[in-house]
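In: Show me the folded form of this:
(one chain, ligands or ions: 1)
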Amino acid sequence: MAQTISFLLVLSLVTFSPLCFFGMANGASPLYPQFYDHSCPKALEIVKSVVAKAVAKEARMAASLLRLHFHDCFVKGCDASLLLDSSGTITSEKRSNPNRNSARGFEVLDAIKSALEKECPHTVSCADILALAARDSTVLTGGPSWEVPLGRRDSKGASLSGSNRNIPAPNNTFQTILTKFKLQKLDIVDLVALSGSHTIGNARCTSFRQRLYNQSGNGQPDFSLDQSYAAQLRTRCPRSGGDQNLFFLDFVSPTKFDNNYYKNILASKGLLSSDQVLFTKSEASMELVKKYAANSKLFFEQFAKSMVKMGNISPLTGSKGEIRKNCRKINT
Ligand code: HEM
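Out: This is a model prediction of the structure:
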């Protein structure tokens with residue numbers, strides 16, 4: 001009898017404790033960091049080692065992987081829909097405006113997935129790999145760490161229109177960007193903290209050219225951009241041509257995850273219009289930019305919290321979706 005009671009007690013703890021700690025995600029089963037502890041104990045280590053290798057080979061890869069998690073989560077939730085290639089009924093999200101000629105790092109996801117399939121076949125989802133790779137990329141470049149809630153499953157479809165609609169564009173107004181975050185149940189604090197990702201990585205000339213030549217249709221540059229910095233940018237981002245030329249999002253420390261992104265914004269040297277508007281178009285977000293520029297510890301703490309929140313957007317759990325064998329294709 002006593003044995004039965006203690007068994008039931010343990011069972012209820014095992015079953016319900018993640019629920020207390022991590023909350024329910026959209027009424028579905030909650031995600032929790034220990035999800036693979038028994039089914040694939042080396043999963044986290046394997047992801048980290050492949051990401052570390054890729055970032056050692058090319059520092060920018062950390063930024064590219066971090067961005068993939070964002071572009072995945074904003075479209076139908078964090079379900080690896082972004083990783084599907086076009087085939088049969090699927091039109092890949094890789095073709096959307098925000099992703100075309102821009103989203104990258106898919107080969108690294110393939111390498112992680114194939115290492116995991118060898119270690120524990122058909123167990124670790126591509127959606128969880130994206131969330132782990134985003135965390136590992138942040139840590140490897142000097143940013144904060146956090147425990148990644150796990151247990152997401154992979155979608156059986158993609159949404160090109162969702163990708164075009166939901167992911168903010170660099171020339172969107174502050175209000176439009178905030179609305180797009182709110183649609184994902186993220187708030188202004190999440191917006192300002194997560195934009196801090198632009199402390200690493202690159203942007204193409206085409207993503208900010210408008211600011212250099214014709215910000216509001218009157219042939220004038222964006223005067224919220226430091227004009228000597230603008231002149232420097234114009235040398236490699238001409239009025240026409242050079243669309244794919246690359247520029248550091250944070251010219252001060254482009255491969256280090258730190259709070260220079262916010263310091264640049266204070267100096268009117270945010271590269272994208274969507275970066276600078278955080279300072280110029282809302283009192284509340286301006287205060288947050290100042291706060292994170294002054295205190296990198298606060299930025300790191302909030303960034304970690306907001307990444308967990310973003311990672312919780314509408315995951316597929318339980319018997320929904322599937323565990324893809326290849327992140328680029330649905331199972332047959
Ligand atoms: C707030 C709205 C946002 C807008 C408008 C935006 C827009 C952009 C644009 C236009 C680029 C450059 C793409 C190119 O030219 O190829 C970029 C790069 C990047 N974004 Fe964002 N972004 C936003 C938020 C975020 C968030 C929330 C994250 C991550 C949590 C993120 C992570 C990154 C990273 C790391 C890069 C560099 C990627 C690389 O070097 O491959 N961004 N973003």
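In: Hmm, Lys76 and Ile167 touching each other?
Out: No. Checked against C-beta atoms under 8 Å, the pair Ile167 and Lys76 is beyond contact range at 11.9 Å. Just so you know, the C-beta spots here come from the backbone N, C-alpha and C atoms, and that holds for glycine as well.
In: What is the neighbour count of the closest residue to Gly77 other than its chain neighbours?
Out: Once flanking residues are discounted, Gly77 sits nearest to Ser314: 2.8 Å by C-beta to C-beta, 6 or more residues apart in numbering. Neighbours of Ser314 under the rule other C-beta atoms under 10 Å: 17.
In: three-state assignment of the residue nearest to Ile167 when sequence neighbours are not counted?
Out: Spatial nearest neighbour of Ile167, chain neighbours left out: Pro98 (4.3 Å); criterion: C-beta to C-beta, 6+ apart. Taking DSSP: H, G, I helix; E, B strand; the rest coil as the rule, one finds Pro98 in the coil state.
In: Could you measure from the nearest residue to Pro170 once chain neighbours are set aside over to the ligand?
Out: Distances taken as C-beta to C-beta, 6+ apart put Leu272 closest to Pro170, at 4.3 Å, once the chain neighbours are dropped. Distance, Leu272 to the ligand, by C-beta to the nearest ligand atom, to the nearest Å: 6 Å.
In: coming back round to it: I'd assumed the residue nearest to Gly77 was in a strand, is it?
Out: No. Assignment of Ser314 by three-state DSSP gives coil, placing it outside any strand.
In: My guess is it contacts Lys76. True?
Out: Yes. The criterion here is C-beta under 8 Å, and Ser314 meets it with Lys76 at 7.0 Å.
In: what residues does the stretch 51-200 of the chain put near the ligand?
Out: 60, 63-64, 66-67, 70, 102, 104, 168-170, 177, 191, 194-195, 197-198, 200 (C-beta under 6 Å from any ligand atom).
In: Of those residues, which belong to strands?
Out: In strands, defined here by DSSP state E, there are no members of those.
In: which of those count as buried?
Out: Neighbour-count burial (16 or more other C-beta atoms under 10 Å) is assigned, among these, to 60, 63-64, 66-67, 70, 102, 104, 168, 170, 177, 191, 194-195, 197-198, 200.
In: Next, count neighbours for Ile90.
Out: By other C-beta under 10 Å, 19 other residues sit near Ile90.
In: close enough to count as contact, it and Ala158?
Out: Yes. If you go by C-beta under 8 Å, Ile90 and Ala158 touch, sitting 5.3 Å apart.
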